[in-house]
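**Q** Build me a model:
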Amino acid sequence: MLKKNILKEMKKDEAIIKLSDNEEALMNLRFQHSLQQLDNPIRLKMIKKEIAQLKTIINEFNNGIRE
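**A** Residues are numbered from 1 along each chain as shown. Prediction:
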């Protein structure tokens, strides 16, 4: 899970890269979950939350809230 101070300092390019990594990780976790090989199912929830946070940051950059 990303901490608030890391989120505040994150640049748009970093957020986009991290978002694509998290989306790929989520896909892999869902695949493992469907095969019942997932060790930590709470990780799914954490990845989804990080994706939402990163999408918010990117949206703030696009709307001019962040610079």
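
**Q** switch to C-alpha atoms for all contacts and neighbour counts from now on
**A** Noted.

**Q** what's the distance between E50 and L35?
**A** For E50, the distance to L35 equals 24 Å [C-alpha to C-alpha, to the nearest Å].

**Q** neighbour-wise, which of the two wins?
**A** A count of neighbours by other C-alpha atoms under 10 Å puts E50 above the other of E50 and L35, at 18 against 9.

**Q** What mean pLDDT does the helix or strand harbouring that one get?
**A** Assigned by DSSP states H and E, E50 falls within helix 42-63. Here helix 42-63 scores 95 as its mean pLDDT.

**Q** Which elements pack onto it?
**A** Counting contacts by 3 or more C-alpha pairs under 8 Å, 6 or more residues apart in numbering; DSSP states H and E, helix 42-63 is packed against helix 12-34.

**Q** who's in contact with the helix it packs on?
**A** Residues outside helix 12-34 that contact it (C-alpha atoms under 8 Å, 6 or more residues apart in numbering): L38, P41, L44, I47, K48, E50, I51, L54, K55, I57, I58, F61.

**Q** Spatially central residue in this protein, please.
**A** With distances taken as C-alpha atoms, centre = their mean, I51 lies nearest the centre of the chain, 2.8 Å away.

**Q** measure it to L7 for me?
**A** Counting by C-alpha to C-alpha, the gap from I51 to L7 is 12 Å.

**Q** Buried residues in the helix holding E50, which are they?
**A** Under the neighbour-count criterion of 16 or more other C-alpha atoms under 10 Å, helix 42-63 has L44, I47, E50, I51, Q53, L54, I57, I58 buried.

**Q** and it with helix 12-34, angle?
**A** 150 degrees (axes from the mean of the first three to the mean of the last three C-alpha atoms, to 10 degrees).

**Q** which outside residues touch helix 42-63?
**A** For helix 42-63, the external contacting residues (C-alpha under 8 Å, 6+ apart) are 1-2, 7, 12, 15-16, 18-19, 22-23, 25-26, 29-30, 66-67.
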